[in-house]
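# how would this look folded up:
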Amino acid sequence: MFNRRKFLGSGLLASAGLLVRGAPPVVRQEKNLRPLVISTWDFGKPANEAAWSILSKNGRALDAVEAGVKIPEADPEVNTVGYGGLPDRDGYVTLDACIMDGNGDCGSVMCLEHIVHPVSVARLVMEKTPHIVLTGEGALQFALSNGFKKENLLTPASEKMWKDWLKESRYEPEINIENKKYSFSNILPGGPGYHDTIGMVAIDQNGKLSGACTTSGLAFKMHGRVGDSPIIGAGLFVDNEVGAATSTGVGEEVIRIAGSHLVVEFMRQGLTPREACRKAVERIVLRNPEKAKKLQVGFLALKKDGSYGAFCIQKGFVYAVRSETTDQMVESESWFS
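Numbering: from 1, shown residues only. Have a look, this model is predicted:
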């Protein structure tokens, strides 16, 4: 697996006050390249492989993004998504996910417990109910009634980390914690909050766009907390006339600006994916520049023409790209460097 720690080195924390005015990203792109899939962070690479196995056979983007994000959902070594995700402060692993196609059809689950693949439950919400969002116990009942099995999502490793955290119960989210490979045995009590999301967007051979986003949310969060990941327009938005976008980082800040929807609307106005992501980041930073120095948000976007791009607040956000000609990790440009 791609090692973000080696890729990025040790200088991940942003230096305050240095603005990126910079040149376009060093990413060679071919317009009208399809199929194509992009996703957040290093676990996006194996996720992209699962999605690509569908896209490369002329499969649907909707099927591809569901299959792709199910990979980290089921991986106990990924402690920020699905099975093995770190619990809330009361010890409950609660999962959030959404899925959306380019026609505006979408489904979401929030605070779902005991189900390994919340993205698949979200898809059934989209396809089998008149609703868009199901939460908590209602989402669980719906999942069980549709054949999903109730399972314990709290692995021994995640439980140990939670019990270590309980010794001081101090919550201090750290910028770009996603880039650090911690062993479960060396987490200090009162350590940083862990947060991450896999967001994936794809375009298939027929030019149809879809996206999915799934997470276990902020570690040691208040019970019932929901971030941007399952919120259509915040963590994910898809419009087949324009493009698709997803986000990662501190969800509360993404929600404040309806971030992924904003990125798509900027692309509708003619901006490139990179420019659209940068404008959304700018919206967050300029609201409160001092606060922005202490948090991370990244946006990732794919346009209808097959072009893609990203932008983030702090240096360190990486994303995975897969097409017939490309299989690579890319480091996003950032506002602070």
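
# C-alpha only now, for contacts and for neighbours.
OK.

# and the nearest residue to Glu127 once chain neighbours are set aside, what does it touch?
Nearest residue to Glu127, sequence neighbours excluded (C-alpha to C-alpha, 6 or more residues apart in numbering): Gly107, at 7.9 Å. By C-alpha atoms under 8 Å, 6 or more residues apart in numbering, the contact set of Gly107 is 98-100, 122-127, 131-133.

# sec struct for Gly107, please.
Three-state assignment for Gly107 (DSSP: H, G, I helix; E, B strand; the rest coil): strand.

# partner residues bridging it?
Ile99 (DSSP bridges).

# isn't Gly136 right next to Ser108, touching?
No: distance between Gly136 and Ser108: 11.4 Å, which falls outside the contact criterion (C-alpha atoms under 8 Å).

# And those two? Which one has more around it.
Neighbour count, other C-alpha atoms under 10 Å: between Gly136 and Ser108, Ser108 has more, with 31 against 16.

# Tell me how far the more buried one lies from Gln141.
14 Å (C-alpha to C-alpha, to the nearest Å).

# what does Gly251 give?
For Gly251, the distance to Gln141 - C-alpha to C-alpha - is 26 Å.

# Looking at these two, which has the bigger crowd around it?
For Gly251 versus Gln141, neighbours defined as other C-alpha under 10 Å are more numerous around Gly251 (24 against 14).

# OK, contacts around that one?
227-229, 235, 297.

# Which ones among the residues you listed map onto strands?
With strands taken from DSSP state E, the overlap with those comprises Val297.

# of the contacts of Gly251, closest to Gly270?
Gly235 (21.5 Å; C-alpha to C-alpha).

# so what's the closest one closest to, chain neighbours aside?
Of all residues not flanking Gly235 in the chain, Ser229 sits nearest, at 4.3 Å (C-alpha to C-alpha, 6+ apart).

# so the one you found sits right up against Cys98, yeah?
Yes: using C-alpha under 8 Å, Ser229 is in contact with Cys98, at 7.1 Å.

# Which residues are in contact with each of those two?
Here Ser229 and Cys98 have 213-214, 236 as joint contacts, going by C-alpha under 8 Å, 6+ apart.

# State the helix or strand in which the closest residue to Asp327 other than its chain neighbours lies.
Nearest non-adjacent residue to Asp327, counting by C-alpha to C-alpha, 6+ apart: Val321, 5.6 Å away. For Val321, the element it lies in under DSSP states H and E is strand 318-323.

# Skip ahead from that strand and say which helix or strand is next.
Following strand 318-323 in sequence, per DSSP H and E, is strand 327-331.

# Can you list the strands that that next one pairs with?
strand 318-323 (antiparallel).

# Lowest-scoring secondary structure element of this protein by mean pLDDT?
For the chain, using mean pLDDT, DSSP states H and E, the weakest element among its helices and strands is strand 192-193, scoring a mean of 33.

# helix or strand right after that strand?
That would be, after strand 192-193 and using DSSP H and E, strand 198-203.

# so how far is that next one off the chain centroid?
9 Å (C-alpha atoms, centre = their mean, to the nearest Å).

# could I get the shared contacts of Ser229 and Cys98 as a markdown table with distance to Cys277?
Output for the shared contacts of Ser229 and Cys98, formatted as a markdown table (distance: C-alpha to C-alpha, whole Å):
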| residue | distance to Cys277 |
| --- | --- |
| Cys213 | 17 |
| Thr214 | 20 |
| Leu236 | 13 |
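
# can you redo those as CSV with neighbour count, distance to Lys315 and pLDDT?
Converted to CSV, these look like this (neighbours: other C-alpha atoms under 10 Å; distance: C-alpha to C-alpha, whole Å; pLDDT from 0 to 100):
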residue, neighbour count, distance to Lys315, pLDDT
Cys213, 34, 22, 98
Thr214, 35, 23, 98
Leu236, 36, 22, 98
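
# what about the residue nearest to Gly44 when sequence neighbours are not counted, how many neighbours?
Nearest residue to Gly44, sequence neighbours excluded (C-alpha to C-alpha, 6+ apart): Ala320, at 5.5 Å. Around Ala320 there are 24 other residues, counting by other C-alpha under 10 Å.

# helices or strands up against the helix or strand where Phe142 lies?
Phe142 belongs to helix 136-145 when assigned by DSSP H and E. When contacts are defined as 3 or more C-alpha pairs under 8 Å, 6 or more residues apart in numbering; DSSP states H and E, helix 136-145 sits against strand 106-112.

# quick check: angle from the strand it packs on to helix 136-145?
Strand 106-112 and helix 136-145 are oriented at 110 degrees to each other (axes from the mean of the first three to the mean of the last three C-alpha atoms, to 10 degrees).

# Go ahead and produce CSV holding the CA coordinates of strand 106-112.
Extracted in CSV, the C-alpha atoms of strand 106-112 (Å, rounded to 0.1, in the frame of the first residue of the first chain):
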residue,chain,number,x,y,z
CYS,A,106,-29.2,10.0,-3.4
GLY,A,107,-29.4,8.2,-0.1
SER,A,108,-27.8,8.7,3.3
VAL,A,109,-27.5,7.0,6.7
MET,A,110,-26.3,8.7,9.9
CYS,A,111,-25.3,7.4,13.3
LEU,A,112,-25.7,3.8,12.0
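
# Just the mean pLDDT for that strand, thanks.
Averaged across strand 106-112, pLDDT comes to 98.

# Nothing else from me, thank you.
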